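K.L.:
When you get a sec, could you give me coordinates for this:
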Amino acid sequence: MAGERSLTAYIADFIVDTKAGAIPEDVAHLGKRSVLDGIGLALAGAASETGHIIRRYLASLGLAAVPKGSTIIGGNGEALPARFAAFANGVSIHADDYDDTQLAVSKDRVYGLLTHPTAPALPPVLALAERDGRAGREMMIAYQIGVEVESKIAEAILPRHYQHGFHSTATCGAIGAAAGASRLLGLDREQTRRALSLAASQAGGLRENFGTMTKPFHAGRAAESGVVAAELVALGFTASPIALEADRGFFRAAGGGYSAEMIDGKLGNPWTFASPGVSIKPHPSGSLTHPGMHVLLDLIQRHDIRADQVKRVKVGTNHNMPNALIHHEPHTELQAKFSMEFCMAILLIERTAGLAQFTDEVVNRSDVQEMIRRIDFKTHPDAEAAGFDKMTTIIEIELDDGRVVKGVADFGKGSPANPMSDDELQRKFGECARWGGLADAAAQRVIDCVWEIESLQDVREITRLLVRPQSER
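P.N.:
Just a heads-up that it's a prediction; the model follows:
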């Protein structure tokens, strides 16, 4: 068959042939951490206006509940076709921009991060595993494969893809979602190649939409695209067997090409969770804000800085970071997630930045708006020289008594260089679960189930816990 030794064939072989036992223990644990994080974020995101609109939209379609359906996390217990549950849950995981991020390796790979791996990769395999009554072990190997394929494709595509406006979580995420769904549905090699190609033809998403509801829509659509691709191919749908690397394929059309050495022979070698790693966010804002937030919070605590002492704050980064942190005068919580100025201001005022701080009401408070005007966010030559594989951020605080305090960081809390502990992750999950209305007892049961997910005979032991209590519907 044409393209028998193609890149698409190599990826399909990896998806079909990888055994659960091939995943190292540390990688398996890191995967469970991101699954727990993703479930918590889906609960929190379901409570957002974005989540409410998505559920209203699905309700308007007149979809009948199906006997073997899939749960909308944070919903009323609806059992919908897997594609729609994957869509809703992908949107919710990304709704607060609180979800995990993949780090890059090469210095030309923009920002030191390339994609949000879990938002597109988890919802398809969770929805399909629930529908089919699959074991936790089966779901987790499919999830790991989805993350690995998504992340390595994002590593390999030329940086032009992101720099010129594509959102890699949407594009590479659709292909990763198809990888996980294909594995869970047991597609053979040729079917898997076609599913990857069909997903690549659905890949889309523009960074111009950052700071709006369309950004999380990207993740949900990618998750849904993976389910659609795998299910159609399972029914006999055709597609090119080489649509990733072909001259008219994904890499060339969407990025102008790819670096073969970053993916060929590299799937699972090493696993992305092991190296270069995946970051779990401590704040519900764009990852590019996190090194600066980490530095600023440290300076605030070490020097006991009060908001009324601050005359000016200078924030310096490489020139690409302001290209994504585009909202310098935010007036909505979605804009605030992509505003370095807001993230600095809220820490100076409240010394914390969680879900409760990222609301329209807080963003528009007079004290917050006034502090935003004291933040000077520009490029800095030292940050520029550090390379785009880092998110180097230089902070300089000028106080009203004439003192100047400074700090710098390449990455923030939650990165592989400074990871959250399991206890810190569980506290974050608790925050998200409460925000989404889940009772503490149910939240603890979810935590226990995820840590022991390989022993679950049916993932419905988890999904049945992820709906709103009857009294709140």
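K.L.:
Got the domain ranges for the protein?
P.N.:
7-281+420-472, 287-409 (automatic domain parsing).
K.L.:
Distance check, Phe429 against Gly436.
P.N.:
Distance, Phe429 to Gly436, using Cβ to Cβ, to the nearest Å: 10 Å. Any C-beta I mention is one placed from the backbone N, CA and C, and that applies to glycine too.
K.L.:
Need the contact partners of stretch 406-424.
P.N.:
33, 103, 112, 276-282, 287, 290-296, 298-299, 382, 386, 390-397, 428 (Cβ atoms under 8 Å, 6 or more residues apart in numbering).
K.L.:
And that stretch, what's buried?
P.N.:
Within stretch 406-424, the residues that count as buried by 16 or more other Cβ atoms under 10 Å are 407-416, 419-420.
K.L.:
Identify those among these that sit within strands.
P.N.:
407-409 (DSSP state E).
K.L.:
In helices, which of the contacts of stretch 406-424 appear?
P.N.:
Counting by DSSP state H, the contacts of stretch 406-424 place 33, 290-296, 298-299, 382, 428 in helices.
K.L.:
Which residue is the nearest non-sequential neighbour of Ser259?
P.N.:
The shortest distance from Ser259 to any non-neighbouring residue, by Cβ to Cβ, 6 or more residues apart in numbering, is to Ala156 (5.4 Å).
K.L.:
State the pLDDT value of that neighbour.
P.N.:
Here the pLDDT value assigned to Ala156 is 95.
K.L.:
Just the buried residues out of the contacts of stretch 406-424, in PyMOL syntax.
P.N.:
Buried residues within the contacts of stretch 406-424, by 16+ other Cβ under 10 Å, are selected in PyMOL with:
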select buried, resi 33+103+112+276+277+278+279+280+281+282+287+290+291+292+293+294+295+296+299+386+390+391+392+393+394+395+396+397+428
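K.L.:
Select, from the ones in helices among the contacts of stretch 406-424, the two members most distant in space.
P.N.:
Spatial extent of the ones in helices among the contacts of stretch 406-424 (Cβ to Cβ) is set by the pair Arg33 and Asp382 at 32.8 Å.
K.L.:
Past the worst-scoring helix or strand of the chain on mean pLDDT, which element shows up next along the chain?
P.N.:
Least confident helix or strand, the chain: strand 113-115 with a mean of 83, by mean pLDDT, DSSP states H and E. Counting by DSSP states H and E, the next helix or strand C-terminal to strand 113-115 is helix 118-132.
K.L.:
Could you list the low-confidence segments of the stretch 51-200 of the chain?
P.N.:
Within the stretch 51-200 of the chain, the ranges that satisfy pLDDT under 70 run 65, 110-112.
K.L.:
what about Gly21, distance to Arg33?
P.N.:
To Arg33, Gly21 is 20 Å away according to Cβ to Cβ.
K.L.:
So which of the ones in strands among the buried residues of stretch 406-424 is the closest to Arg374?
P.N.:
The nearest member of those to Arg374, counting by Cβ to Cβ, is Gly407 at 17.1 Å.
K.L.:
got the angle between whichever helix or strand Ala179 is part of and helix 118-132?
P.N.:
Using DSSP H and E, the element containing Ala179 is helix 168-185. Per axes from the mean of the first three to the mean of the last three Cα atoms, to 10 degrees, the angle that helix 168-185 makes with helix 118-132 is 20 degrees.
K.L.:
Moving C-terminal from helix 168-185, which element do we reach first?
P.N.:
Next helix or strand after helix 168-185 toward the C-terminus (DSSP H and E): helix 189-202.
K.L.:
buried sites along that next one?
P.N.:
For helix 189-202, the neighbour count (16+ other Cβ under 10 Å) marks 191-202 as buried.
K.L.:
downstream neighbour of that helix in the secondary structure list?
P.N.:
helix 214-234.
K.L.:
Would you mind pulling up the elements that the helix or strand containing Glu370 packs against?
P.N.:
Following DSSP H and E, the helix or strand that holds Glu370 is helix 366-372. Secondary-structure packing of helix 366-372 (3 or more Cβ pairs under 8 Å, 6 or more residues apart in numbering; DSSP states H and E): helix 340-350.
K.L.:
Render the CA-only coordinates of the helix it packs on in CSV, please.
P.N.:
Extracted in CSV, the C-alpha atoms of helix 340-350 (Å, rounded to 0.1, in the frame of the first residue of the first chain):
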residue,chain,number,x,y,z
MET,A,340,-0.4,39.9,32.4
GLU,A,341,-1.5,43.2,33.8
PHE,A,342,-4.5,41.7,35.6
CYS,A,343,-2.6,38.7,36.9
MET,A,344,0.0,41.0,38.4
ALA,A,345,-2.7,43.3,39.8
ILE,A,346,-4.8,40.7,41.5
LEU,A,347,-1.8,39.1,43.3
LEU,A,348,-0.7,42.5,44.6
ILE,A,349,-4.2,43.2,45.9
GLU,A,350,-5.4,39.7,47.1
